[in-house]
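K.L.:
Next input, structure requested:
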Amino acid sequence: MPDSEKKFLFMISIFVIMLLPLVFMQAASISSAVDYIDFQLSDKSNMRLALNTIDPRIQALSSDPENQLVMKLEIRDKEGYPVSGAAFRLSSTDKNAVLSPSGGRTGRDGISLVTYRPSVQPDTAYINGKARVTITAYIPGTAVKGALSFQLVRIPVVFLHGYKAPPAIFDSFAAYLESRGFTTASLDYDSGKGVAFGAAQLGELLEKEKAAYMEKGVQVKRFDLIGHSMGGLVARYYTGSQDYIRKNDVEKIIFISVPQNGSSLAPLGLKYYSDRGIYDLIPESDLFTNVLPNMRNKGLNESIQAGSLLGQYDEVVSAENASLDEWGIRTELFNVGENNFTVDKLLSGKIVEAANHKAILYNKKVFKRVEEMLAGKLPFPVKK
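P.N.:
Now for the predicted structure:
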């Protein structure tokens, strides 16, 4: 072969090699366009749409706006092949829910991940503590659709007992709330070991409760806490700690007869007890002078709704000591018994039996008010 022909063929080869990347890029562009055009031009009435939870165990979730449910939306053609670029829309019977995205197109695998965040449900939505929600996905302009139905349940309630009190002190309270469709649990901790110990136990309990709910097919994100007396301080310590930002598992705290600034009767209790718990309740303790003031928002997490109740003649906690006024949270007073505070009872030590301090946990008016607080919205503490 003459040199001129060899040179010509060499030049042609170089030219072809230089064109190959452009050819491949153009082919990829055409392929992508074809995928999209195929969906646009195809018979959409024969397509199939499926909507399912990513975690097949989930059959229900708590009606908590932060409780995100992740779903997989999938569109295939009549032969079972995934359809990329397929348009879809979403709707929900929970009209105030957040669907993200509420519409779009499937990816190259024919799949799109979508999320649902429930709205706060009105009482009328619940039947035996459950509300039903259906999310429907459809291809616009067609009858092709898929639906996913599940139940919403109320946010679970956890009771926190006070110093030297058993979890059973909440039995009547729990029975009332459960009759109204709530689910409850009680923290059983050794109050003699103090507030910090109780807070650590609370963290462990909430993790166990989440796992237990998931075993029953219920996804739970956050809990509502009802803390009586020292139990309210346990709730504050837990939600005010540096570690809490990672957990973020409390929606509301309802304080009942909680010595937010300590109890003036705690020093009297030193005659009968000498443990970490009673020392924590003294107004001058390190808990009130140093620990809580240096926690998040001075010990009352501003991202958690809060409410406060107190018996009018509580022997252990005065209105001043129960006050959350500096955070803008009003304490509601309830008459749960007559004033039985006398000098004789104080000197004899009988005052530490605190009949009214405990009676608030057996009062039907208090039960009803707490139910309203759990079902509605409470104020957030002022950021300090």
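K.L.:
so where do the helices sit in the protein?
P.N.:
Counting by DSSP state H, the segments of the chain that form helices are 3-41, 171-179, 195-215, 230-240, 244-247, 266-269, 276-280, 286, 319-322, 343-348, 355-359, 364-375.
K.L.:
what pLDDT, on average, does the first one get?
P.N.:
In this model, helix 3-41 carries a mean pLDDT of 47.
K.L.:
go on, stretch 277-284?
P.N.:
94.
K.L.:
so residue 59 touches residue 215, yeah?
P.N.:
No: Residue 59 is beyond contact range of residue 215, at 11.4 Å (criterion: CB atoms under 8 Å). Every residue, glycine included, has its C-beta placed from N, CA and C.
K.L.:
what about those two, which has more around it?
P.N.:
Set residue 59 next to residue 215 and count neighbours by other CB atoms under 10 Å: residue 59 wins out with 13 against 9.
K.L.:
Distance of residue 60 relative to residue 112?
P.N.:
Separation of residue 60 from residue 112 (CB to CB, to the nearest Å) stands at 24 Å.
K.L.:
Look at residue 324 and say how many residues are nearby.
P.N.:
22.
K.L.:
Oops, could you answer that again for residue 175 instead?
P.N.:
12.
K.L.:
Start and end of stretch 302-318, how far apart?
P.N.:
End-to-end distance of stretch 302-318: 24 Å, with CA to CA, to the nearest Å as the criterion.
K.L.:
got the buried residues for it?
P.N.:
The neighbour-count check on stretch 302-318 (16 or more other CB atoms under 10 Å) flags 304-311, 313-317 as buried.
K.L.:
can you check stretch 271-282 too?
P.N.:
273, 275-282.
K.L.:
got a list of contacts for it?
P.N.:
Residues outside stretch 271-282 that contact it (CB atoms under 8 Å, 6 or more residues apart in numbering) are 163-164, 191-195, 197, 230, 233, 259, 262-263, 266-267, 269-270, 285, 287-288, 349, 352.
K.L.:
Stretch 207-216 now?
P.N.:
57-58, 156, 158, 185, 219-220, 223, 249.
K.L.:
list the buried ones in it?
P.N.:
209-210, 213.
K.L.:
Pull that stretch out as CSV, backbone CA atoms only.
P.N.:
Output of stretch 207-216 as CSV, limited to C-alpha atoms (Å, rounded to 0.1, in the frame of the first residue of the first chain):
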residue,chain,number,x,y,z
GLU,A,207,-35.8,3.7,73.6
LYS,A,208,-37.4,0.5,74.8
GLU,A,209,-40.9,1.8,74.2
LYS,A,210,-40.1,2.8,70.6
ALA,A,211,-38.8,-0.7,69.9
ALA,A,212,-41.8,-2.3,71.6
TYR,A,213,-44.2,-0.2,69.5
MET,A,214,-42.3,-1.1,66.3
GLU,A,215,-42.6,-4.7,67.2
LYS,A,216,-46.4,-4.1,67.1
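K.L.:
Pull the distance from that stretch to the chain's centre.
P.N.:
How far stretch 207-216 lies from its chain's middle: 13 Å, per CA atoms, centre = their mean, to the nearest Å.
K.L.:
With stretch 224-232 instead?
P.N.:
18 Å.
K.L.:
Please apply the same query to stretch 117-134.
P.N.:
For stretch 117-134, the distance to the chain centre is 16 Å (CA atoms, centre = their mean).
K.L.:
And it, end to end?
P.N.:
13 Å.
K.L.:
Name the residues of that stretch that are buried.
P.N.:
By 16+ other CB under 10 Å, the buried positions in stretch 117-134 come out as 117-119, 121, 125-126, 131, 133.
K.L.:
Residue 51: which of those is nearest?
P.N.:
residue 133 (12.7 Å; CB to CB).
K.L.:
I'd like the distance between that closest one and residue 154.
P.N.:
Per CB to CB, residue 133 is found 14 Å from residue 154.
K.L.:
So for the protein, the centremost residue is which one?
P.N.:
For the chain, the residue whose C-alpha lies nearest the mean C-alpha position (CA atoms, centre = their mean) is residue 222; its distance is 2.4 Å.
K.L.:
That one is in contact with residue 65, isn't it?
P.N.:
No: using CB under 8 Å, residue 222 makes no contact with residue 65, being 9.5 Å away.
K.L.:
rewinding a little: buried among the contacts of stretch 271-282? Need that as a selection in ChimeraX.
P.N.:
Per 16+ other CB under 10 Å, the buried members of these correspond to this ChimeraX selection:
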select :163,164,191,194,195,197,230,233,259,262,263,266,269,285,287,288,352
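K.L.:
what sits opposite residue 219 in the beta ladder?
P.N.:
With DSSP bridges as the criterion, residue 219 is bridged to residue 61.
K.L.:
so what's it up against?
P.N.:
With contact taken as CB under 8 Å, 6+ apart, residue 219 is in contact with 55, 58, 60-62, 67, 69, 213.
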